[in-house]
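Student: quick one: sequence and predicted model below, then my questions.
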Amino acid sequence: MTFQSPTSVRSYASIFAIVLGLQAAWLITAELARPKLPFFPINGTEAQAAATHQSAAAIAAGIGWPRGSLWVDYAITANAAVAGNMEDGSIPNAPGANDKPYKTAETAAALTPADARAWVLLAMITAQTDSKDSIALAQLKMSYYTSPYNDALFPLRIQIAARSPSIADDELQSFVEYELGMVVRHRPTLKRSIATAFRAASPAGRHFLESALAKLDPKLLAELRAATP
């Protein structure tokens, strides 16, 4: 049996300790630069607050490049203004697929494909381009595959789905109807997001929402119809 000399063992241990120290410094530096953000902004006020942290989020993502969670934070801050406007019912001018906010969300999705937030942001941007509706549908579905229901994602997802021609897709309808059911039964405070989506929906989206709510919450449907021209 061959034994390492004490000097060799100490050398290997020193190298190992240096590597661990560098890794710890790298992780800590990224975390110190990382801003404190909500999981996902659910209204214009939270979105505006998140947008103010874009520079800090970009620095943290740059330092910790392979860490997808840092890139998701960066993507949220880079797209917060558009997301907040859409959640509040407006029709914002989203960045294009070649713009930095989209590329940031794309990188986030590539590094952490199990995080639904990146897919929601990609779907939001892509949905603004009529010729890419099939891509937006795939991205929106990915957000549901990775997180079938989420309080924070619901306001933006229902907006995207209600405005999209792809709402006719059977699988997407099943996802959205499940999420609607969870909201009307367990999260009444989120019903305002349904009302906002109902007002901004496309004809196909309005038809779907009426059909789903007729089964899930007829009283809410009656209120929406009475309040919407």
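Tutor: Looks like it came in fine. Numbering: from 1, shown residues only.
Student: the nearest residue to Ala51 once chain neighbours are set aside: which element?
Tutor: Excluding the flanking residues, the one nearest Ala51 by C-beta to C-beta, 6 or more residues apart in numbering is Ala80, at 4.1 Å. Where you see a C-beta, it was placed from the backbone N, CA and C, and this is true even at glycine. Per DSSP states H and E: Ala80 is located in helix 68-87.
Student: and the angle from the helix or strand following that helix to helix 68-87?
Tutor: From helix 68-87 onward toward the C-terminus, using DSSP H and E, the following helix or strand is helix 100-111. Going by axes from the mean of the first three to the mean of the last three C-alpha atoms, to 10 degrees, helix 100-111 is angled at 130 degrees with respect to helix 68-87.
Student: picking that back up, how far away is the residue nearest to Ala51 from Thr104?
Tutor: 11 Å (C-beta to C-beta, to the nearest Å).
Student: OK, contacts around the most centrally placed residue in the chain?
Tutor: Centroid-nearest residue in the chain, with C-alpha atoms, centre = their mean: Arg117, separated by 2.2 Å. By C-beta atoms under 8 Å, 6 or more residues apart in numbering, the contact list for Arg117 reads 39-40, 72, 75-76, 108, 143, 153.
Student: can you list those in CSV and add distance to Val184?
Tutor: Putting the contacts of Arg117 into CSV (distance: C-beta to C-beta, whole Å) gives the following:
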residue, distance to Val184
Phe39, 22
Phe40, 21
Val72, 29
Ala75, 30
Ile76, 27
Ala108, 31
Ser143, 20
Leu153, 17
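Student: ChimeraX command to pick out the buried ones of these?
Tutor: Filtering the contacts of Arg117 down to the buried ones (16 or more other C-beta atoms under 10 Å) takes a single ChimeraX command:
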select :40,72,75,76,108,143,153
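Student: got the contacts of Arg117 as a markdown table, with pLDDT columns?
Tutor: Listed next are the contacts of Arg117 as a markdown table, based on pLDDT from 0 to 100:
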| residue | pLDDT |
| --- | --- |
| Phe39 | 93 |
| Phe40 | 94 |
| Val72 | 96 |
| Ala75 | 96 |
| Ile76 | 96 |
| Ala108 | 97 |
| Ser143 | 97 |
| Leu153 | 96 |
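Student: give me the three-state assignment for the closest residue to His53 other than its chain neighbours.
Tutor: Distance criterion C-beta to C-beta, 6+ apart; nearest residue to His53, sequence neighbours excluded, is Pro35 at 3.7 Å. Using DSSP: H, G, I helix; E, B strand; the rest coil, the structure places Pro35 in coil.
Student: neighbours of Pro35, just the number please.
Tutor: Residues lying near Pro35 (other C-beta atoms under 10 Å) number 16.
Student: for it, list the residues it contacts.
Tutor: Listed by C-beta under 8 Å, 6+ apart, the contact partners of Pro35 are 53, 56-57, 60, 73, 77.
Student: ok, of those, which one's closest to Ser147?
Tutor: For the contacts of Pro35, the minimum distance to Ser147 (C-beta to C-beta) is 16.6 Å, reached by Asp73.
Student: you'd agree the closest one is up against Pro38?
Tutor: No - the criterion here is C-beta atoms under 8 Å, and Asp73 misses it with Pro38 at 10.4 Å.
Student: show me which residues of the helix or strand encompassing Leu224 are buried.
Tutor: For Leu224, the host element (DSSP H and E) is helix 218-227. Neighbour counts over helix 218-227 (16+ other C-beta under 10 Å) mark 220-221, 224 as buried.
Student: can you check stretch 33-53 too?
Tutor: By neighbour count with 16+ other C-beta under 10 Å, stretch 33-53 contains the buried residues 33-35, 37, 40-42, 44, 46-47, 50-51, 53.
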